[in-house]
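K.L.:
Below are the sequence and a predicted model; questions follow.
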Amino acid sequence: MISLSRAVISLLPFIYAMYLPIQSIFVPGFSSRGLEIAALAIYVYVSTVTFLFFRGLRLPRWQAWLNLAAAGLIPGLVILQRNEIKDHSIGAWIVMGTAIVLTATAVRQQARIALIGLGVLLGLLIVEYGLPGLTASGLAGALVFVLAGLGVSRGIARTTRETEKFRAIELESISRIAELDAAAKERQQRLAQVLGTAVPLLSVIKDAQGPIDEELKQSARLVEATLRDNLRGRDLLNPAMSKEVQRLRNLGCEVLILDEGGTASLTSAERDALLQKAVDALQIVQSGRVTIRSPKAEEFKITVVATTPGQAEPVLSIRL
């Protein structure tokens with residue numbers, strides 16, 4: 001079943017749809033007209049289901065095809081009944097009633113099937129009455145109903161597409177904000193860890209008596225480089241890359257990391273995948289200078305270049 005709000009909205013047109021066949025019940029001798037009663041039962045079924053059942057706006061395709069079959073059966077059965085008892089007053093409701101079913105079918109995003117049903121209805125009337133019959137039986141009003149339904153269908157479809165488009169943009173924005181927030185928190189945590197190491201080291205240097213030994217100098221250089229990485233490396237410094245940079249510096253390599261915004265359009269997963277490729281490629285580097293950049297406005301997102309003094313060709317040069 002559809003939601004209560006949709007049911008309430010559909011209730012008024014459903015009541016109107018039920019009013020039309022009720023007129024036939026009061027026709028003398030109605031209970032003996034089996035074909036018209038069958039047509040009425042079909043009409044009540046497809047009207048009830050089309051107006052009040054199924055979640056969402058779009059009517060299931062199988063039900064739309066049942067509505068199309070009903071668009072042929074309802075007028076066909078009543079016309080047969082009329083011919084059988086030679087009472088041309090029977091079934092004054094069938095044209096508008098069939099049109100209401102087709103209109104609801106169109107509004108519920110099955111416009112093509114509704115158009116086919118309209119063609120079936122017109123064909124039956126032409127076969128039975130000829131072209132002059134098209135001006136009778138309320139056909140003009142029925143056509144207006146169905147065409148209005150087609151217009152509403154297109155408007156709803158367009159609105160739905162725009163709504164889904166803006167919803168997708170909104171979700172993407174929320175996701176992007178969450179990623180940026182998570183990245184900022186991660187950088188803050190890394191910076192806090194570095195400062196947690198730097199502050200005690202600075203205290204040791206401050207309290208040192210006499211010249212600073214080489215080990216302390218090396219520790220200070222590593223801390224200074226790590227601080228510089230956090231300021232200039234930003235999105236290029238995930239845990240895997242930070243660990244690799246630490247390995248290179250422990251080997252005595254000079255490492256420069258520059259985040260120029262080249263990976264800003266990537267998701268965290270995409271960025272981590274590229275950085276992992278860079279880390280894997282860097283395993284061959286044991287000395288020299290390493291530069292890791294994310295240049296902006298380039299087809300590639302990350303460049304990694306490793307050089308060794310005195311060697312013309314770089315040890316490693318890749319674009320990811």
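P.N.:
Right, received. Where do you want to start? Numbering: from 1, shown residues only.
K.L.:
Determine the set of other helices and strands touching the helix or strand encompassing Leu258.
P.N.:
In this structure, Leu258 sits in strand 254-259 according to DSSP states H and E. Counting contacts by 3 or more C-beta pairs under 8 Å, 6 or more residues apart in numbering; DSSP states H and E, strand 254-259 is packed against helix 214-232, helix 239-250, strand 289-294. Backbone N, C-alpha and C define where each C-beta goes, glycine included.
K.L.:
try it again with 6 Å
P.N.:
helix 239-250, strand 289-294 (3 or more C-beta pairs under 6 Å, 6 or more residues apart in numbering; DSSP states H and E).
K.L.:
Work out the sheet partners of it and label each with its direction, please.
P.N.:
Taking DSSP bridges as the criterion, strand 254-259 forms sheet pairs with strand 289-294 (parallel).
K.L.:
Now do the helix or strand just after the partner strand: everything it contacts.
P.N.:
As assigned by DSSP H and E, the chain's next helix or strand after strand 289-294 is strand 303-307. With contact meaning C-beta atoms under 6 Å, 6 or more residues apart in numbering, strand 303-307 is reached by 278, 285, 288-293, 314-319.
K.L.:
where does the stretch 51-200 of the chain have low pLDDT?
P.N.:
Across the stretch 51-200 of the chain, the ranges flagged by pLDDT under 70 are 87-92, 128-157, 159-161, 183, 186-187, 189-200.
K.L.:
Quick one: the helices in it, in order.
P.N.:
61-85, 94-107, 111-129, 139-207 (DSSP state H, counting those that start in this stretch).
K.L.:
how big is the angle separating the shortest one from helix 111-129?
P.N.:
Inter-element angle recorded for helix 94-107 and helix 111-129: 170 degrees (by axes from the mean of the first three to the mean of the last three C-alpha atoms, to 10 degrees).
K.L.:
same for helix 94-107, what does it pack against?
P.N.:
Packed against helix 94-107 by the contact rule (3+ C-beta pairs under 6 Å, 6+ apart) you find helix 4-25, helix 34-52, helix 61-85, helix 111-129, helix 139-207.
K.L.:
Domain map for the protein?
P.N.:
Following automatic domain parsing, the chain resolves into domains at 4-167, 233-320.
K.L.:
Tabulate the ones you listed (a markdown table), appending distance to Ala182.
P.N.:
Converted to a markdown table, these look like this (distance: least, C-beta to C-beta, whole Å):
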| stretch | distance to Ala182 |
| --- | --- |
| domain 4-167 | 22 |
| domain 233-320 | 7 |
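K.L.:
Adding distance to Ala178 and mean neighbour count, write those out as a markdown table.
P.N.:
Output for the domains of the chain, formatted as a markdown table (distance: least, C-beta to C-beta, whole Å; neighbours: other C-beta atoms under 10 Å):
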| stretch | distance to Ala178 | mean neighbour count |
| --- | --- | --- |
| domain 4-167 | 16 | 17 |
| domain 233-320 | 10 | 16 |
